[in-house]
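**Student:** with the sequence up front, the predicted model follows.
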Amino acid sequence: MSKPGLILQHGLDGPPARFGEWLSDRGIPFIAHPVWERPAPDPTDYAFVASLGSDCSAADADGWVPGEIETLRHAVAAEVPVLGLCFGGQALSVALGGGIEVLRTPEVGWLAVHGDDDEIPSGPWLQYHFDLMQVPPGARELAHSPAGVAAFRHGRHLALQFHPEADAALAAAWARTDPKLSATGITPEQLDAQSAQYADAALPQAFTLFDRWRQTSLPF
């Protein structure tokens, strides 16, 4: 491949983690760009764009969020494949003319997803979101969780509401620094117990998911 992939990272506590491990294992070059520090580069200079999680909302009208959504729109218009993970999936929905809704009960924990498409393994996956992405016009829902849509595909673009990139350490770090966790009905210790049960098994599942994404979305 002649171009690297572009990963849009939104904070020091939201690294590519297992997605980065998969890219390195498959010999796929990439850069992780700190969107919270400076605007994203031109997506047409990259083989794909992946947008990671964030504690911001895709509906935010201030800060770096509107610029990122414009970057995703540019990528879609130029047929550069986009992968959205949690916030990234919500931002992709907005970029495609969909949107988000605020959940009355946030979805946090290692939960199974259910779908009609083999592209999305059932998990359990780490869910950690207070908003929920909508399926935009022209897209097809691939999977759902108890809260609602968990994945959709729009052409070469894939949005996931969960975190296949997350491991137990990342989940623990989020839970212990999140002032809104008390609204979710789960404690850091309960999330730790779930991670101990499910996080290791989710690693090969994540690699399977990313391999299927490569087969259906990428030209290499």
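**Tutor:** That came in fine, so what should we check first? Residues are numbered from 1 along each chain as shown.
**Student:** C-alpha only now, for contacts and for neighbours.
**Tutor:** Will do.
**Student:** so which residues of this protein form helices?
**Tutor:** 18-25, 65-77, 87-95, 168-177, 188-217 (DSSP state H).
**Student:** out of these, which gets nearest to W36?
**Tutor:** Taking CA to CA as the criterion, W36 comes closest to helix 65-77 out of the helices of the chain, the separation being 8.9 Å.
**Student:** centre of the chain versus the lowest-mean-pLDDT helix or strand in the chain, how much separation?
**Tutor:** Lowest on mean pLDDT, DSSP states H and E among the helices and strands of the chain sits strand 114-115, with a mean of 91. For strand 114-115, the distance from its own C-alpha centre to the chain's C-alpha centre is 17 Å (CA atoms, centre = their mean, to the nearest Å).
**Student:** can you list the strands that that strand pairs with?
**Tutor:** Sheet pairing here is set by DSSP bridges, and for strand 114-115 it gives strand 140-145 (antiparallel).
**Student:** surely I120 touches H144?
**Tutor:** No - here I120 does not reach H144: they are 10.1 Å apart, not a contact under CA atoms under 8 Å.
**Student:** any weak-confidence spans in the chain?
**Tutor:** By pLDDT under 70, the weakly predicted segments of the chain are 1.
**Student:** longest strand of the protein?
**Tutor:** Ordering each strand of the chain by length in residues (DSSP state E) puts strand 100-111 first.
**Student:** list the helices and strands it packs on?
**Tutor:** Judged by 3 or more CA pairs under 8 Å, 6 or more residues apart in numbering; DSSP states H and E, strand 100-111 is in contact with helix 87-95, strand 125-133, helix 188-217.
**Student:** and that strand with strand 125-133, angle?
**Tutor:** Angle between the axes of strand 100-111 and strand 125-133 is 170 degrees (criterion: axes from the mean of the first three to the mean of the last three CA atoms, to 10 degrees).
**Student:** in strand 100-111, what counts as buried?
**Tutor:** Residues 100, 106-111 are the ones in strand 100-111 that count as buried (16 or more other CA atoms under 10 Å).
**Student:** I'm done for today, thanks for sticking with me.
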